[in-house]
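Q: Make a model of this:
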Amino acid sequence: MAHPSQLGFQNAASPVMEELLSFHDHTLMIVSMISIMVLYIIVAVVSAKLTDKHILDSQGVEIVWTVLPAVILVLIALPSLRALYLMDEVDNPHLTVKTMGHQWYWSYEYTDYEDLEFDSYMVPTQDLTPGQFRLLETDHRMVVPVESPVRVLVSAEDVLHSWAVPSLGVKVDAVPGRLNQTTFIASRPGVYYGQCSEICGANHSFMPIVVEAVPLEHFEDWSSLMLD
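A: Now for the predicted structure:
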């Protein structure tokens, strides 16, 4: 989860989020270099250090400022396309979970199991126990096995919602009458928090998402307990 006064992203808990963090750092370095170069040129022109018409009107300078932006765009586009491909790829998932957005809670259905479904409501502030987080904890968590591809089918019952878990690199719109899908792999055991990222009404800020990644044997114990 995010921390007070945090400036950067949450720690990556999936391979896709690691790719997104890497792309962010890569792009930030390019943007910083462009900003420094443009600032230097502006200062040089204002201070009359760069006023030679033979430099400003040269063919070589025009070639550089035409080719250089194209090269920069390619350097940004290639890792961007790689990240987009990884985010959209759904390859032989081990588990499929259908999640439905409601005003204002989430419901989950494990389609690989019979009758394994539940609603997930936010825990009210007065009912929180020590260690639980206000506006983020739910009465039922979405439990998934660690290091296993999980496909999430997302839709909505009433209005637009958005199922988003930042540390897993997941954000997908929940649209009534349409079934969207995404996939993720939790790299390590843990509890990962998210929230609806679409303004869906009065209680928009009160429908959190909690994904708990556990070892496979613990997941099997949990699923057996839920089915009993």
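
Q: and Glu147, what is it in contact with?
A: Counting by C-beta atoms under 8 Å, 6 or more residues apart in numbering, Glu147 makes contact with 185-187. Every residue, glycine included, has its C-beta placed from N, CA and C.

Q: Please name the residues that touch the most centrally placed residue in the chain.
A: Centroid-nearest residue in the chain, with C-alpha atoms, centre = their mean: Gly169, separated by 2.9 Å. Going by C-beta under 8 Å, 6+ apart, Gly169 touches 12, 14, 16-17, 19-20, 87, 184.

Q: In JSON lines, list these along with neighbour count and pLDDT.
A: Putting the contacts of Gly169 into JSON lines (neighbours: other C-beta atoms under 10 Å; pLDDT from 0 to 100) gives the following:
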{"residue": "Ala12", "neighbour count": "19", "pLDDT": "92"}
{"residue": "Ser14", "neighbour count": "22", "pLDDT": "94"}
{"residue": "Val16", "neighbour count": "21", "pLDDT": "92"}
{"residue": "Met17", "neighbour count": "23", "pLDDT": "93"}
{"residue": "Glu19", "neighbour count": "19", "pLDDT": "93"}
{"residue": "Leu20", "neighbour count": "19", "pLDDT": "93"}
{"residue": "Met87", "neighbour count": "18", "pLDDT": "85"}
{"residue": "Phe184", "neighbour count": "26", "pLDDT": "94"}
